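>>> one predicted model, sequence on top.
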Amino acid sequence: MSVDRVLAWLDEHDQDSINHLIDWLKIPSIGTDPAYDEHTRRAAEWCRDHLRGSGFDVDLIETAPPGGRGQPMVFGHSKADPAYKGPRVLFYGHYDVQPPDPLELWSNPPFEPVIKPAEGKVGERIVARGAEDDKGQVTMFLEAMRGWHEVSGKPAGGVPFTIMIEGEEESGSVNLERFVETHKDVLSKNDVVLISDTAMLGRGKPAITYGVRGLVYTEITLHAADQDLHSGAWGGKCPNPLNELAKVLAKLWDADRRVTIPGFYDDVKPLADEERELWKKLGIDEVEALAGIGLGPDANLGEKGYSFTEREWARPTCDINGMWGGYTGEGAKTVIPSHAKAKVSFRLVGDQVPQKIFDAFKAWLNANTPAGCRWGDVIDHGLGQPATLPVDSEELRAAARALKRASGTDAALIKSGGSIPVAGLLKQDLGLDTIFMGFGLEDDRIHSPNEKYELSSFRLGARSHAVLIDELWKLGG
Ligand code: BES
Ligand code: MN
Ligand code: MN
C-alpha cells in the first residue's frame, strides 16, 4: 500500500482538485434560507457524486420531520478491505455555508470563486463563501479519497469509513439528533469520528483540536405599549422598551466581566495548572492577533483572571449579537417603540448543559423584568453541547503522526472557541470521541465577506488525510 504514490498522484492532480473545489463553491448552498433549498440540494448531490466516483456507497437521506424542513444528509460508507484491522472511522463535515451578506463588502461575488495571488504573509488563495468553512476542508478529504481510489483501486484504500456530511451545521443542526438516533446502528459501529472544520495554530503550524465550545442562541423581545409612540408626547411618561432592554442586558456581566446569571458557572471545570502551562508554551501572540482585527493591546479584555487564550478555550461567554427596535432607517424619526429585540448567545464549556443554561437565562430575564414591560417568547435558535476530547487515544496519535509526515512539523494540541455540535452529540449518544484535524487560519474570514482558503492549507489537508489512511492501516498491525 504505497502512500507515496497517492501523494504523487495528489501533486499531479493538484489543479484538478482545486477545480473540483471551485465547482462546488459555485453552488450557493445557503442551508438556512428556504429560497436556496434547490441549490443546497444540488451541493449535496455534488458531494454524493464525488464520493461515488471514489468507490463509496453513498446516498442522500432526507432529514426533514413530517411537514417540516430539512436538508439532505450525504450518508454512506466505504467497504473495508478484508485484511484491514484498524479502527473504523466516521467522517463528518458540512456542505451548507453561511449567508454571504453584506454583499457589497466582497471583492468578487461570493459564489464566483476567484484565485488571488500571494500578498505579504497571506498566500495564494481561493476567495468565495465556503472556501474554508467547510467545503474547502471537506474537499481535501474528498480529493485524498479520490487519490487512494485511483492508486489502490479500493475506496479509501480499504479503510472502512462511514460518511455523514450535513447541510444544516450553520443553522444549528436542528434535525441531526433525530438522524443520529435513527441511524444509531450504523454510526455506532465506528471507533472514532474525524472532522476537518477547525483551524491550525498558525501558518505552517498544523494542529489537532481537542475541544470545542457549546452554544445557546436566543432571541428575546421586550414589550411595552401596544403601539409606537411620539417621543415628545410620551418620552419620560412610560417605559421605552429599548432603554429598558439596554439596562437589563447591561446587568448580564459584573465588573469582572463574569456572567451574573445564577448557577451559570456551576458545571464549568476549573482550568488545571498543567493545561495553562501547556497553552502558554504554544506562543500565541495576542497583540499580533488583536492587531490583525484592527485593535490595540488595550483591547485585550474579558473575564478577569484568565488570559486571552484561556478565555477562548476554557471559559464560557455571553454576547449580544444584535439589538434593534424603533427606527433604524435613514435620518431621524422621533419614536418610542412598542417593543425591543435582541439576539443573545452563550458559548459553553466543560459540563455545561445547553438546555439548563437556556432555562437559567429565561428565569433570569423573568426575575429582571423592567417595570411596566413584559417579555415575549424567548426563541431558541439552536443549542449545541461543548465537547472536550481525550488527547491520549491511539487514533489521535495516528492523526498527529499523519500531520507530522505530511508537514514535517509536530502537530500542536489546541482547543477552539467555536462550536461544532455534532461532536458533543456523538459523545453523549454513542460514546464516540472526535478528532478535529482542521487546516483553517485565523485570518480566513469565515462567516465574513471575502472568506478565503489558502492553497497551501488545502494541499496540506489533502496530503494529511492521504497519509492518515496509511497510519490507520498501521494501527491494525
Ligand atoms: N467551522 C465552524 C466552527 C469553528 C469556527 C471551529 C472557528 C473552529 C474555529 C462551524 O461551521 C461554525 O461556524 N459553527 C457555529 C455553530 C453553529 C451551531 C451555528 C459557530 O461556532 O458559531
Ligand atoms: Mn464549519
Ligand atoms: Mn461555520
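The structure has been received and is ready for your questions. Bear in mind the structure is a predicted one, so any value in this text is a computation, not a measurement. Ligands and ions are numbered 1, 2, ... in the order given.
>>> pretty sure Ile22 is touching Ile126, no?
Yes. With contact defined as CB atoms under 8 Å, Ile22 and Ile126 form a contacting pair (7.0 Å). Placement of C-beta: from N, CA and C, glycine included.
>>> which one's more surrounded, those two?
A direct count of neighbours by other CB atoms under 10 Å for Ile22 and Ile126 places Ile126 higher, at 23 against 18.
>>> okay, and the beta partners of the more buried one?
Beta-bridge partners for Ile126, by DSSP bridges, are Ile115, Tyr453.
>>> before we move on, back to that, anything in contact with each of Ile22 and Ile126?
Residues touching both Ile22 and Ile126 (CB atoms under 8 Å, 6 or more residues apart in numbering) are Pro113.
>>> touching, Cys318 and Trp253? I think so.
Yes. Contact between Cys318 and Trp253 holds when scored by CB under 8 Å: they sit 7.0 Å apart.
>>> more neighbours, these two?
The residue with more neighbours, out of Cys318 and Trp253 and counting by other CB under 10 Å, is Cys318; that gives 20 against 14.
>>> and the gap between that one and Ser307?
In this structure, Cys318 lies at 19 Å from Ser307, with CB to CB, to the nearest Å as the measure.
>>> do Gly296 as well
When CB to CB is the yardstick, Gly296 and Ser307 sit 17 Å from each other.
>>> what is the neighbour count of the closest residue to ligand 2 within the stretch 251-400 of the chain?
Scanning the stretch 251-400 of the chain for proximity to ligand 2 using CB to the ion identifies Gly384 as nearest, at 12.0 Å. Applying the criterion other CB under 10 Å, we find 25 residues in the vicinity of Gly384.
>>> contacting residues around it?
Under the criterion of CB under 8 Å, 6+ apart, the contact partners of Gly384 comprise 172-173, 214-215, 354, 419-421, 424.
>>> ok, back up a step: what do Cys318 and Trp253 both touch?
By CB under 8 Å, 6+ apart, Cys318 and Trp253 have these common neighbours: Val259.
>>> may I see the buried residues of stretch 91-105?
With burial defined by 16 or more other CB atoms under 10 Å, the residues of stretch 91-105 counted as buried are 91-100.
>>> give the rounded mean pLDDT of it.
Over the span of stretch 91-105, the pLDDT mean works out to 98.
>>> quick one: that stretch near ligand 2?
No. Stretch 91-105 is not in contact with ligand 2 by CB under 5 Å from the ion; minimum separation 5.7 Å.
>>> quick check: end-to-end length of that stretch?
Across stretch 91-105, the terminal residues are separated by 34 Å (CA to CA, to the nearest Å).
>>> and the pLDDT at Gly477?
Checking the pLDDT column for Gly477, the value is 82.
>>> so it is in contact with Glu394, correct?
No. Counting by CB under 8 Å, no contact exists between Gly477 and Glu394, whose distance comes to 11.6 Å.
>>> compare the two (neighbour count), which wins?
The residue with more neighbours, out of Gly477 and Glu394 and counting by other CB under 10 Å, is Glu394; that gives 13 against 6.
>>> how about that one, what does it touch?
Taking CB under 8 Å, 6+ apart, one finds 87, 475 in contact with Glu394.
>>> same question for Leu194.
By CB under 8 Å, 6+ apart, the residues touching Leu194 are 89-92, 399, 434-435, 437, 468.
>>> helix/strand/coil for it?
strand (DSSP: H, G, I helix; E, B strand; the rest coil).
>>> tell me how far it lies from ligand 1.
Computed as CB to the nearest ligand atom, to the nearest Å, the Leu194 to ligand 1 distance reads 14 Å.
>>> beta partners of that residue?
Phe91, Ile435.
>>> so what pLDDT did it get?
In this model, Leu194 is scored at 98, pLDDT.
>>> which bits of the stretch 101-250 of the chain sit near ligand 2?
By CB under 5 Å from the ion, the part of the stretch 101-250 of the chain that sits against ligand 2 consists of 133-134, 197.
>>> ok, Gly418 to ligand 2 distance?
Applying CB to the ion, to the nearest Å, the value for Gly418 to ligand 2 is 8 Å.
>>> does that residue touch Arg213 like I think?
Yes. Taking contact to mean CB under 8 Å, the distance of 6.9 Å between Gly418 and Arg213 places them in contact.
>>> settle it for me: which of these two has more neighbours?
Arg213 (28 against 19).
>>> tell me the contacts of that one?
Taking CB under 8 Å, 6+ apart as the contact definition, Arg213 lies against 316, 347-349, 386, 416-419.
>>> which secondary structure element contains the closest residue to it other than its chain neighbours?
Take Arg213 and drop its neighbours on the chain: the residue closest to it by CB to CB, 6 or more residues apart in numbering is Arg347, 4.3 Å away. Assigned by DSSP states H and E, Arg347 belongs to strand 339-348.
>>> quick one: mean pLDDT over whichever helix or strand comes after that strand.
In the C-terminal direction, the helix or strand that comes right after strand 339-348 (DSSP H and E) is helix 354-367. Per-region confidence: helix 354-367 scores 98 on mean pLDDT.
>>> how about helix 354-367 and ligand 1, touching?
No. When contact is scored as CB under 6 Å from any ligand atom, no part of helix 354-367 falls within range of ligand 1; the minimum is 10.3 Å.
>>> what sits against the closest residue to ligand 1 within the chain?
The chain approaches ligand 1 most closely through Gly418 (2.7 Å), counting by CB to the nearest ligand atom. By CB under 8 Å, 6+ apart, Gly418 lies in contact with 198, 212-213.
>>> near ligand 1, list only the ones from these.
Those of these which are also neighbours of ligand 1 are Thr198, as judged by CB under 6 Å from any ligand atom.
>>> how far does stretch 119-139 sit from its chain's centre?
How far stretch 119-139 lies from its chain's middle: 15 Å, per CA atoms, centre = their mean, to the nearest Å.
>>> and the end-to-end length of it?
For stretch 119-139, the first and last residues are 24 Å from each other (CA to CA).
>>> which parts of that stretch are buried?
With the criterion 16+ other CB under 10 Å, stretch 119-139 contains buried residues 123, 125-139.
>>> quick one: the spatially closest residue to Asp14 that is not a sequence neighbour and Ile115, what's the gap?
Among residues not flanking Asp14 along the chain, Arg459 sits closest, at 7.0 Å (CB to CB, 6+ apart). As for Arg459, its distance to Ile115 is 13 Å (criterion: CB to CB).
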